[in-house]
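>>> have a look at this fold, sequence not included:
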Ligand SMILES: [Zn+2]
Ligand SMILES: [Zn+2]
């Protein structure tokens, strides 16, 4: 080895040791001013927390590539490596997300544990992240045996609240299904409808609360139509359809199937049910096109 190279290495080693000593002092001062920090991070290694975490992350990806599957034999090693990475950099979103996904089958509890720590973080970016609570809910609903629906619904709701008013449809539907499943309804369509009715009732009637679900009425109509088609004659679905059509009577929807009908229609084009016509001339029943009847000239009321 060349002498200059050796010198460089010695200088680097001294710098790292000195940096580490300085970091230790700073860390102690930090703990005395902000005690909660000590719980989040250990003594920095030469001040290169993030760097060390990135290196371990690359080694982790390499290690994961060598595994056929994650199972009982290797899951503890996977957890240990992930913990080291996240301890060094608690805001490492990619490691948290991918780590939880890789563990979701072999160890759903551990996967949710990683996510819940990041979800509770005060870090400004993590606090706004909706994908982490969504993944936690997804694991609890689809991987955990037996599924934990109400806990899943709690995480999905959190994902909705973090979506800044523009949640993805699959997040909305996951929340609604999990809520319905938590109420003991097994069928996916009926579970969705049950939750939609609950959210819709908040906004109608005396309560006048707001719902976290955008376009609630449209979603309810579509879900009720689908449930009626897939569960014909189901008492609960029929009762919901009747209640919804009575509340939305002025929207010209069929009381039997909740599909909308047009001016002059006497029967529903979807199910053949007799409907209350509108948009007709009071004298000759011709469909009105403007202020006067185009057939008999009577003024429209
Ligand atoms: Zn109809
Ligand atoms: Zn007329």
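Here it is on my side, so go on. Here the structure is a predicted model, which means the values were calculated and not measured. Ligands and ions are numbered 1, 2, ... in the order given.
>>> got the residues of the chain near ligand 2?
281, 283, 284, 286, 293, 295, 296, 298 (C-beta under 5 Å from the ion). C-betas here are computed from N, CA, C, even on glycine.
>>> how about the closest residue to ligand 2 within the stretch 1-150 of the chain: what's its closest non-neighbour residue?
When scored by C-beta to the ion, the stretch 1-150 of the chain has residue 130 as its residue closest to ligand 2, at 55.7 Å. Among residues not flanking residue 130 along the chain, residue 162 sits closest, at 3.9 Å (C-beta to C-beta, 6 or more residues apart in numbering).
>>> shouldn't that neighbour be in contact with residue 125?
No: in this structure, residue 162 is not within contact of residue 125 by C-beta atoms under 8 Å, at 11.4 Å.
>>> for the stretch 201-301 of the chain, what spans make up the helices?
216-230, 235-247 (DSSP state H, counting those that start in this stretch).
>>> within range of ligand 1, give me the residues from the stretch 201-301 of the chain.
254, 256, 257, 268, 270, 271, 273.
>>> mind listing the helices for the stretch 51-200 of the chain?
Using DSSP H, counting those that start in this stretch, helices in the stretch 51-200 of the chain cover 75-88, 93-103, 108-119, 124-128, 131-142, 149-161, 169-182, 188-203.
>>> these into CSV, with extra columns for mean neighbour count and mean pLDDT?
Output for the helices of the stretch 51-200 of the chain, formatted as CSV (neighbours: other C-beta atoms under 10 Å; pLDDT from 0 to 100):
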stretch, mean neighbour count, mean pLDDT
helix 75-88, 17, 94
helix 93-103, 19, 94
helix 108-119, 20, 95
helix 124-128, 11, 93
helix 131-142, 23, 97
helix 149-161, 21, 97
helix 169-182, 22, 96
helix 188-203, 21, 92
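>>> who's in contact with the residue nearest to residue 130?
The contact partners of residue 162, taken as C-beta atoms under 8 Å, 6 or more residues apart in numbering, are 127, 128, 129, 130, 133.
>>> verify the stated contact: the residue of the stretch 1-150 of the chain closest to ligand 2 with residue 156.
No: applying C-beta under 8 Å, one finds residue 130 not in contact with residue 156, separated by 9.7 Å.
>>> identify the residues contacting residue 293.
281, 283, 284, 286, 299, 300.
>>> please report phi then psi for it.
Dihedral pair for residue 293: phi -70, psi 130, per degrees, to the nearest 10.
>>> how close does it sit to ligand 1?
27 Å (C-beta to the ion, to the nearest Å).
>>> which pLDDT value belongs to that residue?
pLDDT, residue 293: 95.
>>> domain assignment for the protein?
1-28, 48-184 (automatic domain parsing).
>>> now render those as a markdown table, adding distance to residue 250.
Shown next, in a markdown table, are the domains of the chain (distance: least, C-beta to C-beta, whole Å):
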| stretch | distance to residue 250 |
| --- | --- |
| domain 1-28 | 67 |
| domain 48-184 | 26 |
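>>> for ligand 1, which of these is the nearest?
domain 48-184 (24.2 Å).
>>> between residue 130 and residue 156, which contacts overlap?
By C-beta under 8 Å, 6+ apart, the residues touching both residue 130 and residue 156 are residue 171.
>>> verify the contact between residue 96 and residue 85 for me.
No: applying C-beta under 8 Å as the test, residue 96 and residue 85 come out as separate, 9.0 Å apart.
>>> and residue 212, what is it in contact with?
Counted by C-beta under 8 Å, 6+ apart, residue 212 has contacts 157, 160, 161, 199.
>>> for these, which one is nearest residue 232?
residue 199 (24.7 Å; C-beta to C-beta).
>>> per-residue pLDDT, the spatially closest residue to the closest one that is not a sequence neighbour?
Nearest non-adjacent residue to residue 199, counting by C-beta to C-beta, 6+ apart: residue 211, 4.4 Å away. On pLDDT, residue 211 comes in at 86.
>>> repeat that for residue 301.
Per the predicted model, pLDDT is 79 at residue 301.
>>> now residue 50
So residue 50 comes in at 87 (pLDDT).
>>> ok, now which ones touch the nearest residue to it once chain neighbours are set aside?
If the residues on either side of it in the chain are set aside, residue 50 comes closest to residue 89, at 5.2 Å by C-beta to C-beta, 6+ apart. Contacts for residue 89 (C-beta under 8 Å, 6+ apart) come out as 49, 50, 53, 54, 95.
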